[in-house]
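Participant: with the input below, show me the fold.
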Amino acid sequence: MTAGPIATNLSRTLREEPIDRMTLKVLVAGLGRTGMGLASSLCDKYLVMGVDSSKPVCDRASSGACDPKSLAVVNADATSGYSMKRAGASTAQVAVACLGDDETNLAALEILAGEIGIRQRYALMYDTSNADAYRDAGVEVVDRSCAAYSLLASRIRGGQTRVASYGRSAGEIIEVEVLPGSSVVGMSLAELHPQRWLVAAVYREDELIIPHGDTILEASDRVLLVGDPSILPAIATMIQAGESEFPLQYGSHIINIYSEATAGILDEIHYLVKSTRADLFEGIACKADGNRIAELGEICDTAGIDYEFSCAREGDTASLAHEAERRDVGVLVVPQEPISWFSRIGLVRPGVAKILDATHSPVLVARGTFPYERILLPVFEPVGVGAAAHLAIDLARLLGASLDVVAVHQPEIVVGGELEGEIGARISEVERLSRIYNLRIDRREASGNPIEEITRLSADYSLVVFPYRKSGRHSITRPSVAVNLMHHSRCSAMVLPVP
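Facilitator: Numbers count the residues shown, from 1 in each chain. Got it, this is the predicted structure:
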């Protein structure tokens, strides 16, 4: 059972603010096919209240697949303010109406806004002549008939097809076919880290696949994309043909946690905004410091950088990193910083590591070695090499840069023959990916301490790209290669966090 585009649009919006699972968040009015499908698609992540005036319908919903702790089914009239108050609707932050006709939808949503106080509202629109009424009421909609016939038409036509618009002209649906050479072949949807867009459905031959994070994309899949029309065509191109659209696979903003060091890296931020598919720079300042925000704006105006800035309530690194993660992060840029003695021996987690632990997007440790004309991809452990290789290849193709991969061989008595074999296999994987994209790479070999060897080699490059294992161990007796490279690399470092 699926709710189609309305579920994906709602799910995308809900992720923009943190959800406290101890508090009811989403109210679904109408538990017919669409309403129950929507409730089922949300109850694995959010608390949901399902409301229907039919007791048999409520009985069926209560016996569904959702955990009763996640889905509360209420037999009540959604158009009655008294009933909704008694049902506890005031604890919901979002309401969706799927009540069978537009008049009933509007009546329920007006009650839920005016008497209950729910401002974020959606509806399944049954008749397009009611679009103005929904718009005037501040309700976002999915037009059921438009989505249906557009999707059918797109199945007949081939290639990349713009299917429909939805909401208040703020959303779009595009269907694309995944070509054999696309970089997304073999990747899971979770690895794509969608921001402002979602995969709503996957068609594989004659089968409809309702996508989840672990759904693996295959060549010839037809993928239904839903999202912001300003970025969706570029995302469609990236998924269809594997053309470089960095950093849109992560997000569209270059973000920096503002500090006194921000002024020193603005030139590199400007380079990223202008040279990639990012659309602007966003600075995050702590505790709404007006002087800092004014200073940031003046610097960006002088540099000619398109920017936004926002405030965070807390000023510590971890809180600011979580604040950044709520935004449309394509790349999070931080200045280089020395590693403290306490961090070196493992008593304190380095600040950049804290940021990487809190985000899914690449983090750039900026050292001013731009433009990125020579990129180095070091392979020092097998974990995360594939993801880092995709990132490095994507950047090299987009920027017209050269790419070298270096295998650092350590004494077998230190790491064992098995690890050496795994590293060799990952190098072969990188070479295979480069051939798919017709990108020539040079392979280098090094022996010894990987931290020392990669740091030495990095002096010959303008950017080094490598993975970082989230929450990985780092101490004086077991130093993390990734953590040391963040602090000691002699060029800018693009670090990709991996589980």
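
Participant: tell me which stretches of the stretch 351-499 of the chain form helices.
Facilitator: 351-358, 385-399, 412-415, 417-436, 450-458, 481-488 (DSSP state H, counting those that start in this stretch).

Participant: can I get those in TSV with mean neighbour count and distance to Ala303?
Facilitator: Bear in mind the C-beta positions are built from the backbone N, C-alpha and C, glycine included. Shown next, in TSV, are the helices of the stretch 351-499 of the chain (neighbours: other CB atoms under 10 Å; distance: least, CB to CB, whole Å):
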stretch	mean neighbour count	distance to Ala303
helix 351-358	22	23
helix 385-399	23	20
helix 412-415	10	46
helix 417-436	15	35
helix 450-458	19	27
helix 481-488	22	25
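
Participant: and these, which one averages the lowest pLDDT?
Facilitator: Ranked by mean pLDDT, the helices of the stretch 351-499 of the chain bottom out at helix 412-415, with a mean of 52.

Participant: which of the helices of the stretch 351-499 of the chain sits closest to Ile235?
Facilitator: Comparing the helices of the stretch 351-499 of the chain by their distance to Ile235 (CB to CB), the top pick is helix 385-399, with 13.4 Å.

Participant: tilt between that closest one and helix 417-436?
Facilitator: Helix 385-399 runs at 30 degrees relative to helix 417-436, counting by axes from the mean of the first three to the mean of the last three CA atoms, to 10 degrees.

Participant: could you dump the helices of the stretch 351-499 of the chain into TSV with distance to Ile299 added?
Facilitator: Output for the helices of the stretch 351-499 of the chain, formatted as TSV (distance: least, CB to CB, whole Å):
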stretch	distance to Ile299
helix 351-358	22
helix 385-399	25
helix 412-415	46
helix 417-436	38
helix 450-458	28
helix 481-488	25
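
Participant: between these, which one is nearest to Ser80?
Facilitator: helix 351-358 (43.4 Å).

Participant: tilt between that closest one and helix 481-488?
Facilitator: 130 degrees.

Participant: which helices and strands does helix 351-358 pack with?
Facilitator: helix 317-325, strand 329-335, strand 363-366, helix 481-488, strand 492-498 (3 or more CB pairs under 8 Å, 6 or more residues apart in numbering; DSSP states H and E).

Participant: adding distance to Leu403, write those out as TSV.
Facilitator: Below are the helices and strands packed on helix 351-358 laid out as TSV (distance: least, CB to CB, whole Å):
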stretch	distance to Leu403
helix 317-325	28
strand 329-335	18
strand 363-366	17
helix 481-488	17
strand 492-498	12
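
Participant: could you tell me the least trusted of these?
Facilitator: helix 317-325 (a mean of 64).

Participant: nearest to Glu191, of the helices and strands packed on helix 351-358?
Facilitator: strand 492-498 (9.4 Å).

Participant: if we go by neighbour counts, what in the strand or helix carrying Asp267 is buried?
Facilitator: Assigned by DSSP states H and E, Asp267 belongs to helix 262-275. In terms of neighbour count (16 or more other CB atoms under 10 Å), helix 262-275 has its buried residues at Thr262, Ile265, Leu266, Glu268, Ile269, His270, Tyr271, Leu272, Val273, Ser275.

Participant: ok, stretch 276-287 next?
Facilitator: Residues of stretch 276-287 classed as buried: Thr276, Arg277, Ala278, Asp279, Leu280, Phe281, Glu282, Gly283, Ile284, Ala285, Cys286 (neighbour count, 16+ other CB under 10 Å).

Participant: tell me the two of those residues that are most distant?
Facilitator: Using CB to CB, the pair of those lying farthest apart is Arg277 and Cys286, separated by 28.7 Å.

Participant: quick check: mean pLDDT of stretch 52-61?
Facilitator: Here stretch 52-61 scores 89 as its mean pLDDT.

Participant: residues making contact with it?
Facilitator: With contact meaning CB atoms under 8 Å, 6 or more residues apart in numbering, stretch 52-61 is reached by 29-32, 35-36, 39, 50, 71, 73-78.

Participant: switch the cut-off to 7 Å
Facilitator: Gly30, Leu31, Met36, Gly50, Val73, Asn75, Ala76, Asp77 (CB atoms under 7 Å, 6 or more residues apart in numbering).

Participant: report the beta-bridge partners for the residue lying closest to the second one once chain neighbours are set aside.
Facilitator: So the one you mean is Leu31. Leaving out its chain neighbours, the residue that sits closest to Leu31 by CB to CB, 6 or more residues apart in numbering is Asp52, at 4.1 Å. Beta-bridge pairing for Asp52 (DSSP bridges): Asn75.

Participant: what number of residues lie near Asp52?
Facilitator: Asp52: 26 surrounding residues under other CB atoms under 10 Å.

Participant: how close does it get to Ala97?
Facilitator: 12 Å (CB to CB, to the nearest Å).

Participant: mutual contacts of the two, please.
Facilitator: Counting by CB under 7 Å, 6+ apart, the shared contacts of Asp52 and Ala97 are Gly30.

Participant: relative to the whole chain's centre, how far out is stretch 52-70?
Facilitator: 32 Å (CA atoms, centre = their mean, to the nearest Å).

Participant: which parts of it are buried?
Facilitator: Asp52, Ser53, Val57, Cys58, Ala61, Gly64, Cys66, Ser70.

Participant: inside helices: which ones of these?
Facilitator: Taking DSSP state H as the definition of helices, those contribute Val57, Cys58, Ala61.

Participant: and these, which is closest to Glu207?
Facilitator: Proximity of these to Glu207 (CB to CB) peaks at Ala61, which lies at 26.9 Å.

Participant: and stretch 177-185, C-alpha only, in PDB?
Facilitator: The C-alpha coordinates for stretch 177-185 follow below in PDB (Å, rounded to 0.1, in the frame of the first residue of the first chain):
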ATOM      1  CA  GLU A 177      15.800   5.700 -17.000                       C
ATOM      2  CA  VAL A 178      19.000   4.700 -15.400                       C
ATOM      3  CA  LEU A 179      21.600   4.200 -18.100                       C
ATOM      4  CA  PRO A 180      24.200   1.400 -17.800                       C
ATOM      5  CA  GLY A 181      27.100   3.900 -17.400                       C
ATOM      6  CA  SER A 182      25.400   6.000 -14.600                       C
ATOM      7  CA  SER A 183      27.300   6.300 -11.400                       C
ATOM      8  CA  VAL A 184      24.200   5.400  -9.400                       C
ATOM      9  CA  VAL A 185      24.100   1.800 -10.700                       C
END
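
Participant: what about it, distance to the chain center?
Facilitator: 19 Å.

Participant: show the average pLDDT along that stretch.
Facilitator: 78.

Participant: and the residue nearest to Cys66 when sequence neighbours are not counted, what does it touch?
Facilitator: Take Cys66 and drop its neighbours on the chain: the residue closest to it by CB to CB, 6+ apart is Cys43, 4.0 Å away. The contact partners of Cys43, by CB under 7 Å, 6+ apart, come to Cys66, Asp67, Ser70, Leu71.
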